[in-house]
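J.: sequence and predicted model, in that order:
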Amino acid sequence: MKRSPLLLPLAVFLLIAGLLYRGLFLDPTRVPSVLIGKPFPVFALSALDQPSRTLTRKDITGRPALVNIWASWCSSCRQERPVLRRLASRGVVIYGVNYKDDRSAARRWLGTSDNPYLVDIEDAVGSLGVDLGVYGAPETFVIDAQGVIRDKYVGIIDEDVWRKKLGPVYTKLLQEAGP
């Protein structure tokens, strides 16, 4: 029994086409993280506004919060910033991690309008970003009061993302933390 010479290339093409078709229905903002359910990584980095002040994991624990990875060179970070400012004005605790950025550029960027971050951590070489498995900016982690990572979102936070994805997680953590 002789096989057609086109059968193998056709099978390979159909396999690749099937994988690409499946990819059309995946959510690119849902990047699996092995850190969900684990403590936020231990770090000792400078505060962006006070380089002589060292910040650690202890500085971001004690209450549920968002930890937002951002940079002045990131156009998507510019898009989400007004939403982060509104969330902060409503009492949402947000910590910033300035990722692989120039300190003076980052400080200028923060100085142009209200800073949504309670604390700004300077991660100039990206060491904390590596420990978090960051792909780029913006990325946002939701942590509970003990500093355990409960969720991760890759991409721009807008009102819809807050309302449907991150807000419910944050609200649940506030309820768990109690008064």
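T.: Everything's here; your move.
J.: name the SS class of the residue lying closest to residue 88 once chain neighbours are set aside, please.
T.: Nearest-residue entry for residue 88: residue 116, 4.2 Å, with adjacent residues in sequence omitted and distances by Cβ to Cβ, 6 or more residues apart in numbering. Quick note: C-beta positions are derived from backbone N, CA and C, even for glycine. Secondary structure of residue 116, reduced to three states by DSSP: H, G, I helix; E, B strand; the rest coil: coil.
J.: and residue 116, what is it in contact with?
T.: With contacts defined as Cβ atoms under 8 Å, 6 or more residues apart in numbering, residue 116 is in contact with 68, 81, 84-85, 87-88, 94, 96.
J.: please repeat the previous calculation with a cut-off of 7 Å.
T.: Taking Cβ atoms under 7 Å, 6 or more residues apart in numbering as the definition of contact, the neighbours of residue 116 are 81, 84-85, 88, 94.
J.: now, among those residues, which is nearest to residue 158?
T.: Within the contacts of residue 116, distances to residue 158 taken as Cβ to Cβ reach their minimum at residue 84, with 10.3 Å.
J.: returning to what we had before: quick one: pLDDT of the residue nearest to residue 88?
T.: Reading off the per-residue confidence, residue 116 sits at a pLDDT of 95.
J.: next one: residue 24
T.: Per-residue pLDDT puts residue 24 at 66.
J.: which of the three states applies to the nearest residue to residue 161 once chain neighbours are set aside?
T.: Of all residues not flanking residue 161 in the chain, residue 153 sits nearest, at 6.7 Å (Cβ to Cβ, 6+ apart). In the three-state summary, residue 153 is assigned as strand, counting by three-state DSSP.
J.: residue 42: which element?
T.: For residue 42, there is no helix or strand it lies in under DSSP states H and E.
J.: next one: the residue nearest to residue 161 from residue 169, what distance?
T.: Taking Cβ to Cβ, to the nearest Å as the measure, residue 153 falls 9 Å from residue 169.
J.: between those two, point out the one with more neighbours.
T.: residue 153 (21 against 16; other Cβ atoms under 10 Å).
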